[in-house]
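Engineer: Fold the following, please.
(one chain, ligands or ions: 2)
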Amino acid sequence: MKNLKLVKSDESGKRSTFKVGNCEVGKDFIIVGGPCSVESEEQTIQTAIAVKKAGGNMLRGGAFKPRTSPYDFQGLGLKGLKILEKAKQKTGLPIITEVIDPRDVSWVCEYADILQIGARNMQNFSLLKEVGKSSKPVLLKRGMYSTLREWLNCAEYILAEGNPNVILCERGIRTFETYTRNTLDLSIVPAIKELTHLPIMVDPSHGTGKISLIEPMSLAAVAAGADGLLIEVHINPQEALSDAEQQLTPEQFSKLTAKVLKLKEFMNTSINQESKEA
Ligand code: PEP
Ligand code: MN
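Structural biologist: Ligands and ions are numbered 1, 2, ... in the order given. You can find the predicted model right below:
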């Protein structure tokens, strides 16, 4: 693919891996759970405890929310980051949180273990350059109208600034289909693996926007070779201040993680074994 340098895989097929807390991203399968937005200390800490109990490896939660309407909940900002810090102290889970403004990157880094760049900001080049200068890994979501080539060029922006630790995250794209919130493009997972050395996670919460579809698409993402999942979880989804219709309860999340881990184990033992023998 033209113009790609640093994100391209080479002949050795070696994949990027890096440590975040106890996890080796790109090697271990990472399950990230947590609310769409940090709303209160109680909501975030209770959710974090449930995520950890269910086998989740990291906590997600937005303190800065890029909302379609300026009148919708915009996030708690610094107060939200401090709540995430408390949740991390309580559970030990590393924090993934979104940054939406280049001027905030340096101080959000004091709270985040991984900086999330949301779909709406995928091509915000000044933001990409700023996170590229930071020392924190970056989770780069696919823009809702973006091709694979455009997405990888955005990752290239981050690597070109000197930050090699990028995780791509497929979160669905807009198509003519309206039944689902977005169309989750799982064929991108093996395509990304062919073209780049970067880890790729899948977000079936935004990818489908429908509770009943999140578990089947999580399993499909595992089968497609994803390096991890990003799933919205809320202690009381109906009361959520954003994305209320797609957040799982702790019970639903726990059932999902159990199935996902079983499938992953099956793939590690049976399928890898067969390919070694072949
Ligand atoms: C989110 O993760 O809550 C979010 C806003 O995601 P996206 O940028 O994929 O819409
Ligand atoms: Mn959300």
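
Engineer: CA only for contacts and neighbour counts going forward, please
Structural biologist: Fine.

Engineer: So what pairs up with the residue lying closest to E98 once chain neighbours are set aside in the strands?
Structural biologist: Counting by CA to CA, 6 or more residues apart in numbering, Q116 is the residue found nearest to E98 once chain neighbours are left out, at 4.2 Å. Per DSSP bridges, the residues bridged to Q116 are E98, L139.

Engineer: residues contacting L256?
Structural biologist: Contact analysis of L256 by CA atoms under 8 Å, 6 or more residues apart in numbering lists E215, S218.

Engineer: And it, what's its pLDDT?
Structural biologist: Per-residue pLDDT puts L256 at 98.

Engineer: in the helix or strand that contains T44, what counts as buried?
Structural biologist: Under the criterion of DSSP states H and E, T44 resides in helix 41-53. Of the residues in helix 41-53, E41, Q43, T44, I45, Q46, T47, A48, I49, A50, V51, K52 count as buried by neighbour count, 16 or more other CA atoms under 10 Å.

Engineer: so how many other residues sit close to the nearest residue to the fifth one once chain neighbours are set aside?
Structural biologist: Setting aside the residues directly before and after it, Q46 is nearest to I235 in space (CA to CA, 6+ apart), at 6.9 Å. By the criterion of other CA atoms under 10 Å, I235 has 22 neighbours.

Engineer: Could you do the one 3 residues further on as well?
Structural biologist: For Q238, the count of nearby residues is 15 (other CA under 10 Å).

Engineer: Please determine how far it is located from ligand 1.
Structural biologist: Q238 sits at a distance of 16 Å from ligand 1 (criterion: CA to the nearest ligand atom, to the nearest Å).

Engineer: pLDDT wise, what is the closest residue to that residue other than its chain neighbours at?
Structural biologist: Spatial nearest neighbour of Q238, chain neighbours left out: A244 (5.6 Å); criterion: CA to CA, 6+ apart. Note on A244: pLDDT of 97.
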